[in-house]
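Participant: Next come a sequence and a model predicted from it.
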Amino acid sequence: MRRKRMMTAGALALLVLTTGCGAADMTQQASPFANAQGAKTVTLSVQSWVGAQANVAVAQYLLEHELGYRVDTVQVDEVPAWDALSQGRVDAILEDWGHPEQEQRYVDDKKTITRGGDLGVTGHIGWYVPTYFAEQHPDVTNWKNLNKYADRFRTPESGGKGQLMDGSPSYVTNDKALVKNLKLDYQVVFAGSEAAQITQIKQFAKEKKPFLTYWYSPQWLFKKVPMTEVKLPAYQEGCDADPAKVACAYPHTPLQKYLNTDFAEQGGKAAAFLRKFQWTTEDQNEVSLMIAEQKLSPEEAAKKWVDSHRTTWKAWLS
């Protein structure tokens, strides 16, 4: 689950891509290209985090430059993206972190959405502290000791408690329930977006301040700010079934692709290509870093990756 759950798009402005702002309401707005009868067009849903943006950037570049498709990208939050996909307003989601209710409704029951296979990347959400703080205080990496350090993580926004920093309020997280059910003296504070959260983390790191944050892998920021995961109670299947009673860690989730069923059956080479699109965490991070840190446009980042990984993507076209 991206119980973001927790990432491109060439047609959207870079600011929109990297901040997660300006997401379209796809229950009201249809792409002019989605599900276009007889036209070589593809519409891809792009989520607000940069890893998902990296997937779409490379897929879009290859669809356009190798297969001759016109590609439209639309930014839409996670759950509305399932509705849009079911309705044929978008053709594919390339990175889903697990939405079992939507999967049951649209894939198993209505059959309006078809599984598109593994992305090749395993996602994991957790709580992290900067490694420089964990090295000084090794016991902070066990959740049972977090209250001991609550005052060290206090901020003006956390109301006298320790701050647990989250990203966008649109991400589905278990953090408020975890804080309550584990009896932790912390307040969940939302930065507002992935980009805002990254800015805050980098500022804390620059000043060598302690912080506790909801974060996830894969994510390029680990290369810039080393972080160490805090061990929460072990995840077991079903321990997060009731959102109000969650008291366990987040799972490790093989990230999945989903296609609109009509597109999956009638989308020709584009649908076949998206089913075969599969790369590694390292590949995704390489493109993400170019977009978010080096400030390349998604298309520039995609071209740079495509030019140096011909063997990888050629297999997706066969």
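Facilitator: Cool, got the structure. Numbers count the residues shown, from 1 in each chain.
Participant: For burial, what's the neighbour tally of the residue nearest to Thr261 when sequence neighbours are not counted?
Facilitator: Among residues not flanking Thr261 along the chain, Thr114 sits closest, at 4.7 Å (CB to CB, 6 or more residues apart in numbering). Using the backbone N, CA and C atoms, a C-beta is placed for each residue, glycine as well. By other CB atoms under 10 Å, the residues close to Thr114 number 21.
Participant: who's in contact with Thr114?
Facilitator: For Thr114, the contacting residues are 107, 258-261, 264-265, by CB atoms under 8 Å, 6 or more residues apart in numbering.
Participant: can you do 7 Å?
Facilitator: Each residue near Thr114 by CB atoms under 7 Å, 6 or more residues apart in numbering is listed here: 259, 261, 264.
Participant: shouldn't the second one be in contact with Lys111?
Facilitator: Yes. The criterion here is CB atoms under 7 Å, and Thr261 meets it with Lys111 at 6.1 Å.
Participant: Looking at those two, which is more packed in?
Facilitator: Neighbours were tallied for Thr261 and for Lys111 using other CB under 10 Å; the higher tally belongs to Thr261 (18 against 10).
Participant: Ala271 versus the more buried one, what's the distance?
Facilitator: The gap separating Thr261 from Ala271 is 10 Å, by CB to CB, to the nearest Å.
Participant: Over to Gly98?
Facilitator: Gly98 is 22 Å from Ala271, by CB to CB.
Participant: Name whatever forms a beta bridge with Val74.
Facilitator: Ser45 (DSSP bridges).
Participant: Just the pLDDT for it.
Facilitator: At Val74, the predicted lDDT confidence score is 94.
Participant: and if you look at Met7?
Facilitator: Taking Met7 on its own, its pLDDT is 37.
Participant: same check, this time on the one 10 residues further on
Facilitator: Leu17 is assigned a predicted lDDT (pLDDT) of 35.
Participant: any idea of the mean pLDDT in the helix ranked longest in the chain?
Facilitator: Determined from DSSP state H, the single longest helix within the chain is helix 50-65. Average pLDDT, helix 50-65: 96.
Participant: got the buried residues for it?
Facilitator: 50-64 (16 or more other CB atoms under 10 Å).
Participant: now stretch 101-119
Facilitator: 102-103, 105-107, 112-114, 116, 119.
Participant: again with stretch 161-173
Facilitator: Residues 161-168, 170-173 are the ones in stretch 161-173 that count as buried (16+ other CB under 10 Å).
Participant: so how many other residues sit close to the nearest residue to Leu212 once chain neighbours are set aside?
Facilitator: Nearest-residue entry for Leu212: Phe153, 4.9 Å, with adjacent residues in sequence omitted and distances by CB to CB, 6+ apart. Number of residues near Phe153 (other CB under 10 Å) recorded here: 24.
Participant: show me the contacts for Phe153.
Facilitator: 162-163, 210-212.
Participant: What's the end-to-end length of stretch 217-226?
Facilitator: End-to-end distance for stretch 217-226, by CA to CA, to the nearest Å: 12 Å.
Participant: now stretch 125-141
Facilitator: Stretch 125-141 has an end-to-end distance of 15 Å (criterion: CA to CA).
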